[in-house]
Every structure is written in C-alpha cells, then in structure tokens.
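1. give me coordinates for this.
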Amino acid sequence: MTIFSTEELVVLANMVGVVELFGVPELQSHRLNSAVAYPKGIQNLEKKNVLSQGKLTKKGFMVASLIEKYGNATDYLCLDQTDYVATGKQAILLHKKDEGVELTIQAPATVLGRWLSDYAILRRKGTAEEEGFRLRRSSLSLDDLQKQGIEAAFSIGQVKKTSSDMKKSAYILLLSEGTLYRLEGTELKEASQFWLTTWVVDALKIPYEVPEGDGLTKGKGVAGYLSNLSNNRQTEKEKKVTWFDW
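-> The predicted structure is shown next:
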C-alpha cells in the first residue's frame, strides 16, 4: 500500500481543491511553505506514478478522488490519533504511520474488524450487570483509578461538520479491575460495554437488527451483530488470516 508524505498530500489536495484533511493539521504549515513542499511533493509523486509531467495518471486520479471525498466528508471518527475515518456506506480510512499517511477505502465492517483485533477493550464481553445501564457516576476519581491501576486504554472521538458549525465529542476509555470507564474532559463515569459497542458501530454507520424492547436492547443488538460477524468469519479463517482473528 502506498504511503504519502505531507508534501505529497499538499499537492494532491490542492489539485482537487481540498483545504483541510482531518487528522493532518500539518498540511497548512506545509502549504504556507509551498516553495519547498510543492517541488518535493511533485517529484515524489512522479516517482510513484501518481503524476506524470505534472498531471494526474490513472492511479493519481483514483488517489486524488479519494482525497477529495475524504476532505469533503462531514462525519469523521478518530481512534488513538492514528486512524481517521470519513464514515459512510464506504469508509475512507486515513492511517498515520511514522513514514507518512496511508489512505484506503474499506467496508465499515472491515475497519471495525481491525479495531476489534487491535484493541482488547472493544472486544471485551460486557457483564450481566452492564446490561442494565449505559453510563453511570463513578465512585472513583481519576486519581483513585490511576492508583488502582489501568490495564488498557485508548482514545476515540467524533466530528460532525455542518455548513455553520462543527460538533465534537472525545473520550478516553479505561479498563481497571474488570470495570470499563469513560473519561470525557475531567468527568469520569463507569461505562457499559453495550454503550461502547453501540457508539462505535453507530458512528461507523454499520446497520444491524435491534431486538424489540426498551432502549437498552439496542446494545444487545450490537452485541449480537458482533457475535454473528465473528461466527461468519470463522469459515474464512481456514482460507486466510482475517482482522477478525480474535
């Protein structure tokens, strides 16, 4: 998979009229230093057969179209400041690496599968008690929790853009002594696994069936979806390794 530097992204973004790329704040500083960034970006893109004599190749057109769709999206997810996703029927994933940015288009369920494989908190099974709540006040402070010990953690956030506004939500999920916590700003709450999985699946815009009943059954519907997804993948494991290999 091709990795793109910020200089290369500046060139491609400019060609399709994209001003910002969510997850690449350094794009603007490179654009201001275009006298250096632009020639370097063009040279490298020609080596990658994305540009030829300053014009987009067939491969370059596909990459530029992906950047245009990503830049013009309205709904985004961010996971641990490494994965940035423009959500929709197809998810456009911007994955940050030390050497640059990888840009791909994937089924939302494929993105979820990778996250399930990489983050133990996401594939954790909720307790019976957690079926009765989404979020509730924590009896511990953050200092108490740190003293108790944190077994796993990751950050996740969502951005929704409109013509006049931008709504953001950002959380840190923490696992300590078998209990899941959500930190939002300075507010610490206990969180149910059903709330977390529902939030992630909804944010990725993945459809699933919801059992009849009160609102809490929605989380059970997501849990069932994840279970079925895992079971469906079992037969594929005989043929190849998948991201759902948990």
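2. where does the nearest residue in space to Met166 that is not next to it in sequence land on pLDDT?
-> On the basis of CB to CB, 6 or more residues apart in numbering, the spatially nearest residue to Met166 that is not a chain neighbour turns out to be Val159, at 6.4 Å. C-beta: built from backbone N, CA, C; applies to glycine. What the model reports as pLDDT for Val159 is 95.
3. for this structure, just list every one of the strands.
-> Counting by DSSP state E, residue ranges of the strands within the chain are 3-4, 51-52, 55-56, 75-79, 83-86, 91-97, 100-106, 135-137, 152-161, 166-176, 179-184, 187-191.
4. tilt between the longest one and strand 75-79?
-> For strand 166-176 and strand 75-79, the angle between their directions (axes from the mean of the first three to the mean of the last three CA atoms, to 10 degrees) works out to 30 degrees.
5. paired strands for strand 166-176, with orientation please.
-> The strands that strand 166-176 pairs with in its sheet are strand 152-161 (antiparallel), strand 179-184 (antiparallel) (by DSSP bridges).
6. what of the fourth one?
-> Under the criterion DSSP bridges, strand 75-79 sits next to strand 83-86 (antiparallel), strand 152-161 (antiparallel) in its sheet.
7. what's around Trp199, how many residues?
-> Counted by other CB atoms under 10 Å, the residues lying close to Trp199 total 20.
8. re the thing from before, specify the beta-bridge partners of the residue nearest to Met166.
-> Tyr76, Lys168.
9. deepest of the strands of the chain, which one?
-> Here the criterion is mean neighbour count by mean count of other CB atoms under 10 Å, and of the strands of the chain the winner is strand 83-86, at a mean of 23.
10. and that strand, how far out from the chain middle?
-> Put simply, strand 83-86 sits 4 Å off its chain's centre (CA atoms, centre = their mean, to the nearest Å).
11. burial count for Gln53?
-> Going by other CB under 10 Å, the residues that sit close to Gln53 add up to 6.
12. any regions of this protein where pLDDT drops low?
-> 1, 210-246 (pLDDT under 70).
13. okay, now the domains of it?
-> Segmentation of the chain into domains, based on automatic domain parsing, reads 1-72, 115-238.
14. okay if I get these as CSV plus distance to Gln81?
-> Rendered in CSV, the data for the domains of the chain read as follows (distance: least, CB to CB, whole Å):
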stretch, distance to Gln81
domain 1-72, 8
domain 115-238, 7
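15. so which of those domains is the most packed in?
-> It is domain 1-72: most buried of the domains of the chain by mean count of other CB under 10 Å, with a mean of 17.
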